[in-house]
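Novice: Give me a 3D structure for the following:
(2 chains)
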There are 2 protein chains.
Amino acid sequence: MEQKLQESLALLARTPGVLDVLLRDLQETWTLQNEGENTWSAFDVVGHLIHCERADWMPRVKMILQFGESQTFAPFDRWGHLQESRGKSLGQRLDEFGRLRSENLSELRSLNLRPEDLDRRGRHPAFGPVTLSALLATWATHDLTHLHQISRVMAHQYREAVGPWSVYLGVLKCAGHSSS
Amino acid sequence: MEQKLQESLALLARTPGVLDVLLRDLQETWTLQNEGENTWSAFDVVGHLIHCERADWMPRVKMILQFGESQTFAPFDRWGHLQESRGKSLGQRLDEFGRLRSENLSELRSLNLRPEDLDRRGRHPAFGPVTLSALLATWATHDLTHLHQISRVMAHQYREAVGPWSVYLGVLKCAGHSSS
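Specialist: Numbering: from 1, shown residues only, chains lettered A, B, ... in the order given. Next up is the predicted model:
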């Protein structure tokens, strides 16, 4: 479980750089277009990741360590980024995501979590008892779900342009899974 | 169509850096594990991308420009990388992919393609006539299909670790689409 923590930390530290290399100053065809009504563009996804850094992951880590199962996590607003990131450019969002992620990982490392801490439980509003280890694994996998989504949303913009090759391109067969 | 060419070039130039930031020196749990028998790990995918740089994209671009529809593209071996990249570490593969991509984009730019060139056609062994513009759009979208695949393969390794959150993580609902 300690190994999983190190794996999660390694991946979490990389995601802002991955999105920066992929998206910064890229044409708006790739970054601002979505998959249709009520779906997200890459630009929207970065806003969502910022909102999660502020409102979801570390607040819940700290709730588990402070209150255990005695207090329930606040429900998370999947559309909270729409208010919070309004008016910010993609470059500003990428900067902010990188800064918040770095701060959160510093704080997480400073907790010096021991193996027994990873077994501690909090209370999720829908699932009931959940472990700290599952929360941290989810944080890392959530980055991957949105990298998966961004690659699909970007590929969608070339659905027509690829002509007959669309049948060989798996990403164009992915209909999405909820909104991510 | 000229705009699409610039968009494709911008994305194609970024992919080696994206994979480098994501994968270099990352734990083998993330990079070497796959989704089961006859599926690919991130390590395998980088080998496949190298093979495509050598055997698929630029050779086909040049065939279209030289021979038009009079010669059919050689069929592409989806497992060709197994021979070619054997014995190379992930770091060596990432280096090689970056170098080949850079060389190929330099060569592509040196062709100074005009709008009327993008309408030129070659002959695909399965599809018949295909345009140069569709081939170039496919090259870019193929990068995205494999970024989509890599994020899914990596997330699969945390399927159990995330506990009940698996129901919220779209990438874990993605069953794949052929092998990418």
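Novice: Which strands or helices does the helix or strand bottoming out on mean pLDDT in chain A pack on?
Specialist: In chain A, the helix or strand scored least confidently by mean pLDDT, DSSP states H and E is helix A:81-84, which has a mean of 70. Here helix A:81-84 touches helix A:42-55, going by 3 or more Cβ pairs under 8 Å, 6 or more residues apart in numbering or on different chains; DSSP states H and E. (C-beta placed from N, C-alpha, C; glycine too.)
Novice: I'd like the next helix or strand past the helix it packs on.
Specialist: The helix or strand immediately downstream of helix A:42-55 is helix A:57-67, counting by DSSP states H and E.
Novice: Is that following helix in proximity to chain B?
Specialist: No: counting by Cβ under 8 Å from any Cβ of the partner chain, chain B has no neighbours in helix A:57-67; the shortest distance is 11.1 Å.
Novice: got the angle for the longest helix anywhere in chain A vs helix A:57-67?
Specialist: Ranked by residue count under DSSP state H, the longest helix found in chain A is helix A:132-156. Counting by axes from the mean of the first three to the mean of the last three Cα atoms, to 10 degrees, helix A:132-156 lies at 170 degrees to helix A:57-67.
Novice: Please give me every residue in contact with the most centrally placed residue in chain A.
Specialist: Centroid-nearest residue in chain A: residue A:143, 3.9 Å away (criterion: Cα atoms, centre = their mean). Contact analysis of residue A:143 by Cβ atoms under 8 Å, 6 or more residues apart in numbering or on different chains lists A:11, A:12, A:15, A:49.
Novice: Now for the last one: which residues touch it?
Specialist: Pointing back at residue A:49 there. Here residue A:49 is in contact with A:15, A:19, A:97, A:143, A:146 (Cβ under 8 Å, 6+ apart).
Novice: again, 6 Å this time
Specialist: Residues near residue A:49 by Cβ atoms under 6 Å, 6 or more residues apart in numbering or on different chains: residue A:97.
Novice: Same check on the third one?
Specialist: If a contact means Cβ under 6 Å, 6+ apart, then residue A:15 has residue A:143 as its contacts.
Novice: Please enumerate residues in contact with stretch A:117-127?
Specialist: So stretch A:117-127 is contacted by A:1, A:63-64, A:69, A:72-73, A:75, A:129-133, B:164 (Cβ under 6 Å, 6+ apart).
Novice: now for those residues, which pair is the farthest apart?
Specialist: With distances taken as Cβ to Cβ, the most widely separated pair in those is A:1 and A:75, at 27.3 Å.
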